[in-house]
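what would the 3D arrangement of this be:
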Amino acid sequence: MRRPTAGVLGDMNPYLFIVGCPRSGTTLLRRLVDTHPLVAVIDEMRWIASFFERREGLTPEGLVTQELVDRLLAYDRFATLEISREQLGRLIDTGDPVPYPNFVTGIFDLYGQAQGKSLVGDKTPRYARRIGTLHALWPHARFVHIIRDGRDVCMSILNWEKAERALGRFSPWGEDQVTMAAVWWEWHVRLGKEDGGSLAPNLYHEVRYEELVSSPAKTCETLCDFLDLPYDDAMLKFHEGRTKMKPGRDAKRAWLPITFGLREWSEQMSAEDLERFEAAAGDLLEELGYPRACPHPPDETLARAARIRESFTREVSASGKRLPKGWQA
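Below you'll find the model as predicted:
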């Protein structure tokens with residue numbers, strides 16, 4: 001595969017998507033890759049897959065209309081790209097109908113030009129559940145799926161200010177947040193692995209969070225090989241000049257360097273929470289190579305996990321969202 005050269009755009013973008021269950025380290029990974037001299041990574045476009053699937057601002061055939069431009073300019077996160085109405089207008093004012101993939105590629109290219117980089121990707125965690133849609137739109141795009149021990153993810157979720165908005169829409173959250181977090185983590189990871197595993201090896205790559213923080217240089221070198229890019233140790237200096245330590249500020253907002261042991265479920269998670277998490281998602285932990293702490297949860301805990309999983313899958317199915325293979329609505 002040829003190595004992309006700085007200044008050459010063409011149809012290279014979107015070059016990659018960074019995905020993973022929220023609270024798994026996608027922001028850290030995005031900052032590392034975004035610091036590479038050849039790659040810019042947008043922070044959560046979010047609308048790319050959903051606009052296409054619902055044909056928002058598009059014709060039934062997937063062609064762009066003026067309505068899409070208006071929707072994007074009204075979307076608060078789009079303003080962070082600093083792309084004007086005039087620039088968007090030029091992307092659709094070509095004299096011919098513009099397919100949605102071409103339009104989005106143009107947006108990525110504009111962002112790359114502003115950053116002085118030829119390759120542009122996006123970090124949107126939830127796209128772990130939309131790899132199929134994105135691959136159909138851009139068959140050349142690469143997917144980097146970061147996976148983290150679900151027990152650490154759970155602890156992070158329980159301290160996340162957005163948890164109510166992200167998980168609270170599902171009724172089991174009000175009954176048992178730990179079990180709900182376990183099922184939610186498994187939902188993302190299984191769909192990401194299923195869809196990613198169906199792609200060619202040069203299009204899908206998994207990164208373990210634990211390896212990233214314990215061996216960052218080695219993990220980044222392997223990642224650069226997958227991306228067909230030369231490794232640059234500037235990636236590990238993403239925090240320089242940005243770290244801002246203040247009381248109560250978390251690692252993400254403080255722009256801390258790679259820090260091992262920010263969360264340690266083995267020391268910080270209660271025995272009861274461990275039982276509830278592993279009763280719900282222990283099988284996936286084992287499949288991923290994360291040893292269980294509670295190999296035999298109590299029958300009552302297992303029954304509650306089964307009931308919450310059933311309720312969750314029923315609600316997901318009713319909302320039109322996908323379920324992993326083997327999950328019954």
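
quick check: next helix or strand after the helix or strand where residue 181 lies?
Using DSSP states H and E, residue 181 maps to helix 177-197. Sequence-wise, the next helix or strand beyond helix 177-197 is strand 204-208, with elements assigned using DSSP H and E.

mind listing the strands for the stretch 1-150 of the chain?
When assigned using DSSP state E, counting those that start in this stretch, the strands of the stretch 1-150 of the chain occupy the ranges 16-19, 39-43, 119-123, 142-147.

single out the most deeply packed of these.
Ranked by average neighbour count under the criterion mean count of other C-beta atoms under 10 Å, the strands of the stretch 1-150 of the chain are headed by strand 16-19 at a mean of 27. (Each C-beta comes from the backbone N, C-alpha and C, glycine too.)

with adjacent residues omitted, what lies nearest to residue 224?
Among residues not flanking residue 224 along the chain, residue 231 sits closest, at 4.3 Å (C-beta to C-beta, 6 or more residues apart in numbering).

run a quick neighbour tally on the one you found.
By the measure other C-beta atoms under 10 Å, the count of residues near residue 231 is 16.

thinking again about what came up before, can you add mean pLDDT and give the strands of the stretch 1-150 of the chain back as a markdown table?
Supplementary listing: the strands of the stretch 1-150 of the chain in a markdown table, determined by pLDDT from 0 to 100:
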| stretch | mean pLDDT |
| --- | --- |
| strand 16-19 | 98 |
| strand 39-43 | 97 |
| strand 119-123 | 98 |
| strand 142-147 | 98 |
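
flag the shaky bits of this protein, pLDDT-wise.
Counting by pLDDT under 70, the ranges of the chain that qualify are 1-11, 242-255, 260-262, 329.

same thing but 90
For the chain, applying pLDDT under 90 flags the ranges 1-12, 76-77, 94-95, 238-264, 266, 326, 328-329.

list the contacts for the residue nearest to residue 224?
In this structure, residue 231 makes contact with 220, 221, 224, 225, judged by C-beta atoms under 8 Å, 6 or more residues apart in numbering.

quick check: the third one touching residue 236?
No - if you go by C-beta atoms under 8 Å, residue 224 and residue 236 don't touch, sitting 11.9 Å apart.

okay, those two: which has more neighbours?
When neighbours are counted by other C-beta under 10 Å, residue 224 and residue 236 differ, and residue 224 comes out ahead with 18 against 15.

contacts only, for the more buried one.
Shown here is residue 224, whose contacts under the criterion C-beta under 8 Å, 6+ apart are 36, 230, 231, 232.

got a quick PyMOL command for the buried subset of those residues?
Entered in PyMOL, the line below selects the buried ones among those, by 16 or more other C-beta atoms under 10 Å:
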select buried, resi 36+231+232
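
reformat the contacts of residue 224 as a markdown table; add secondary structure.
Conversion of the contacts of residue 224 to a markdown table gives the following (DSSP: H, G, I helix; E, B strand; the rest coil):
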| residue | secondary structure |
| --- | --- |
| 36 | coil |
| 230 | coil |
| 231 | coil |
| 232 | coil |
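
returning to what we had before: most neighbours among the contacts of residue 231, which one?
For those, counting by other C-beta under 10 Å, the largest number of neighbours falls to residue 220: 23 neighbours.

identify the residue nearest it in space, chain neighbours excluded?
In space, and not counting its chain neighbours, residue 220 is closest to residue 235: 5.2 Å by C-beta to C-beta, 6+ apart.

with residue 106 instead?
residue 91 (4.2 Å).

which one, of the strands of the stretch 1-150 of the chain, ends up nearest to residue 171?
Comparing the strands of the stretch 1-150 of the chain by their distance to residue 171 (C-beta to C-beta), the top pick is strand 16-19, with 26.1 Å.

strand partners of that closest one, parallel vs antiparallel please.
In its sheet, strand 16-19 lies beside strand 119-123 (parallel), strand 142-147 (parallel), with partners assigned from DSSP bridges.

with distance to residue 307 added, can I get these in CSV?
Shown next, in CSV, are the strands paired with strand 16-19 (distance: least, C-beta to C-beta, whole Å):
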stretch, distance to residue 307
strand 119-123, 34
strand 142-147, 27
